[in-house]
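J.: Sequence first, predicted coordinates after that:
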Amino acid sequence: MQLLFRLAADLTVVCHMAYALFILVGQMAIILGAWRGWVWVRGRRFRLLHLAAILIVVVESLLGVVCPLTTLEKWLRTQAGQASYQGDFLARWIHDLLFVEASSVVLTGCYVAFGLGVALAMWFVPPELRSVRSELQN
């Protein structure tokens with residue numbers, strides 16, 4: 001049973017990294033896509049999901065709420081009988097990328113600044129009002 005908890009904790013770390021990458025790479029794609037004329041970066045669903053993802057991070061940070069994925073991972077590691085931040089090589093590497101040593105004030109400032117960047121992108125590179133799928137078919 002401990003193996004299942006350990007694997008679930010490692011999977012949680014991977015999901016956490018995927019969430020962070022969606023926010024980071026998504027913003028880079030929006031900026032590059034606006035410059036290159038990529039239609040898909042103006043898709044409503046993508047842009048609203050992207051905005052919601054960073055808003056969740058910003059609100060959690062401003063309220064001082066610990067990320068639920070972090071809480072879940074710690075609980076799973078405890079259930080697996082592991083120290084809080086052990087794992088397989090890949091999970092450990094991803095974990096070290098996600099969790100940098102900085103004060104909560106600095107991290108909150110970074111999250112808010114990035115959130116403002118996403119909001120500005122919504123303004124300067126607005127999502128299309130009509131379906132991107134219909135644009136791609138034409």
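T.: In hand now; what should we look at? No experiment lies behind these values; they were computed from the predicted model shown. Residues are numbered from 1 along each chain as shown.

J.: which residues does residue 8 contact?
T.: Residues touching residue 8, when contacts are defined by Cβ atoms under 8 Å, 6 or more residues apart in numbering, comprise residue 76. All C-beta atoms are positioned from the backbone trio N, CA, C, and that covers glycine.

J.: That one sits in which helix or strand?
T.: Taking DSSP states H and E as the criterion, the element that holds residue 8 is helix 2-36.

J.: Could you do residue 48 as well?
T.: Of the helices and strands defined by DSSP H and E, residue 48 is found in helix 44-63.

J.: just checking, what packs against that helix?
T.: Judged by 3 or more Cβ pairs under 8 Å, 6 or more residues apart in numbering; DSSP states H and E, helix 44-63 is in contact with helix 2-36, helix 104-124.

J.: residue contacts, the residue nearest the centre of the chain?
T.: Nearest to the geometric centre of the chain sits residue 20, at 2.5 Å (Cα atoms, centre = their mean). For residue 20, the residues meeting the contact criterion (Cβ under 8 Å, 6+ apart) are residue 98.
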